[in-house]
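Engineer: fold the following and give me the result.
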Amino acid sequence: MVNEVDQEKYLRLSPYVPYDSSLEVYVQSEGHSAVSPTAGGVHPFEYTGWCDEELSWHNYCYLHAGLNPTGTYHIKGPDVLKVFSSHCVNSFANFPVGKGKHGIMCNEDGYIVQDGMVLRLGEDEFITYWMFPYIAYALQKGNCNVRGELLTGKVFLYQLAGPRSLEVVEAATGEDLRDIKFIHFRDSRIDGRKVTILRMGMAGTLAYEVHGQIQDAILVYNALLKAGKAFGIRRLGRHAYRNAHTEGGFPQMSIHYQGSYDKGFIEFLQKAEKEAPVFGLGRHTFTGSLEPDIRLHWRNPVEVGWTGMIKFDHDFIGRKALEKEMVNPRRQMVTLVWNAEDCLDVYRSQFQPGEPYNHMELVEDYSYLIGSAEYHADKVLMDGQFIGISSGRMFSPYYHEMISLCSINTTFSGLGTEVTVLWGNRGTRQKEIRATVSRFPYIDKDRNEHFDVNQIPRPDVRSNSESNQKL
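Structural biologist: A predicted model of the protein is given here:
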């Protein structure tokens, strides 16, 4: 029998979450590292069950650590804005210190190469999340006065989402955090450790992130968990996490689409040798009815719902292609609600003679053999005509529906339009599942950017605040 100490070494457990001997199933974390794809260790697949955990962002609050190690890149120098402006579709004309921005970088054809968060720390100092390694490639090829430092593995990032998330973070910090507007941040302390609190999240509901140094990770995690007990906090495992993106209307690379590339970027990754497979070259196994041609899985910012972030007040890579796309959009993002009887027919086939339909995992398109390396996408049809691509399928225990996101031809994007999702891998028995075009985002609560935090009662946090300041 392996004791807990030896088991932690054997499993290479995540240094970002405490080991829980009561949990049996661990999987590779969603995060990545510039050193090794396994450097993030393994993360619990479920804690209290995927259904209970999914309901947390509607009813309580979740605490999620599975994105660690997050690709984190610190950039400083007088030409930083020049680099961002020339590579991002976003405008950086009005970007004050203390604010974040969802940065989107494209290739010359307007397809997304990489996207992530950019936080402005100072006049010429920024930190980015999930924009590495393309941002490093941008710095290398440009003649600019900028220094970049990879912080992946040296820092942590915890996500909290749900209607009680602000109360949890305030209880942990001992501070009133109502002053933090959507996609703004400021420093605070948890159990005497310096952290940064950012108001944002992927579930659509009120949400925050807590950032800090790796040596403080477990201590801060435990403090957040302790503070959250009074508010019904749930720990979020790998199985339920990715579904927050589909319900919340935040398309994510590797779940809802694949990142594009150009020749120079591939050469940059290949020179890095060990880093190349970590950052997506040949990493995914394609399943579903859509052909594996990688170009079919690329998306531009318009068709994933990010039109409002594209600004033509500067020159950037992909501008000409996106100018044309904005004038005459070919596709847009919608939510599909799948027909319940047709879904049941997929399960029913398992109990009938002959070849059954491909199994439909209830939670999401997750293969226990392939794991997180699976990328699943299905064709969407109208009278046999290929009109869109469905991805990120999930069952929502809150809405009691099977839903997915769909990049669909604009002609068929009207609410209530009846379409067909072709279920089943190529070369297998396939099932046409009826689906209805519905609202995007699908979540029908006050979204984070519109949520009025002042409606939440203010607790007396002075005693905790005083102890934090002393430390």
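
Engineer: so A227 sits in a helix?
Structural biologist: Yes: per DSSP: H, G, I helix; E, B strand; the rest coil, A227 lies within a helix segment.

Engineer: surely it and A172 touch.
Structural biologist: Yes: in this structure, A227 is within contact of A172 by Cβ atoms under 8 Å, at 3.9 Å. Yep, even glycine has a C-beta here, placed from its N, CA and C like the rest.

Engineer: got a list of contacts for the helix or strand containing F286?
Structural biologist: Assessed by DSSP states H and E, F286 sits inside strand 285-287. Residues from elsewhere that reach strand 285-287 (Cβ atoms under 8 Å, 6 or more residues apart in numbering): P292, H297, D365, S367, I370, A373, E374, Y375, H376, A377, N425.

Engineer: quick check: the farthest pair among the residues you listed?
Structural biologist: H297 and S367 (17.1 Å; Cβ to Cβ).

Engineer: which of the two has more residues huddled nearby?
Structural biologist: More crowded of H297 and S367, by other Cβ atoms under 10 Å: H297, with 22 against 14.

Engineer: quick one, what contacts the more buried one?
Structural biologist: Y257, Q258, F286, L290, Y375, A377, I389.

Engineer: nearest to D452 among the residues you listed?
Structural biologist: Closest to D452, out of all of these and judged by Cβ to Cβ, is Y257, at 32.5 Å.

Engineer: can you give me the helices in this protein?
Structural biologist: 4-11, 50-59, 80-87, 134-141, 165-173, 217-228, 238-241, 243-248, 263-271, 275-278, 319-327, 340-348, 462-470 (DSSP state H).

Engineer: any chance of a markdown table for the ones you listed, columns mean neighbour count, mean pLDDT and distance to R189?
Structural biologist: Formatted as a markdown table, the helices of the chain follow (neighbours: other Cβ atoms under 10 Å; pLDDT from 0 to 100; distance: least, Cβ to Cβ, whole Å):
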| stretch | mean neighbour count | mean pLDDT | distance to R189 |
| --- | --- | --- | --- |
| helix 4-11 | 11 | 47 | 28 |
| helix 50-59 | 22 | 96 | 26 |
| helix 80-87 | 20 | 94 | 28 |
| helix 134-141 | 20 | 90 | 29 |
| helix 165-173 | 25 | 98 | 6 |
| helix 217-228 | 20 | 98 | 10 |
| helix 238-241 | 25 | 88 | 27 |
| helix 243-248 | 24 | 93 | 28 |
| helix 263-271 | 14 | 83 | 38 |
| helix 275-278 | 18 | 46 | 33 |
| helix 319-327 | 15 | 97 | 42 |
| helix 340-348 | 15 | 98 | 48 |
| helix 462-470 | 13 | 43 | 4 |
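
Engineer: export these as TSV, with columns for distance to I408.
Structural biologist: Below are the helices of the chain laid out as TSV (distance: least, Cβ to Cβ, whole Å):
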stretch	distance to I408
helix 4-11	42
helix 50-59	25
helix 80-87	29
helix 134-141	28
helix 165-173	32
helix 217-228	39
helix 238-241	25
helix 243-248	15
helix 263-271	29
helix 275-278	32
helix 319-327	15
helix 340-348	18
helix 462-470	49
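
Engineer: okay then, goodbye and thanks.
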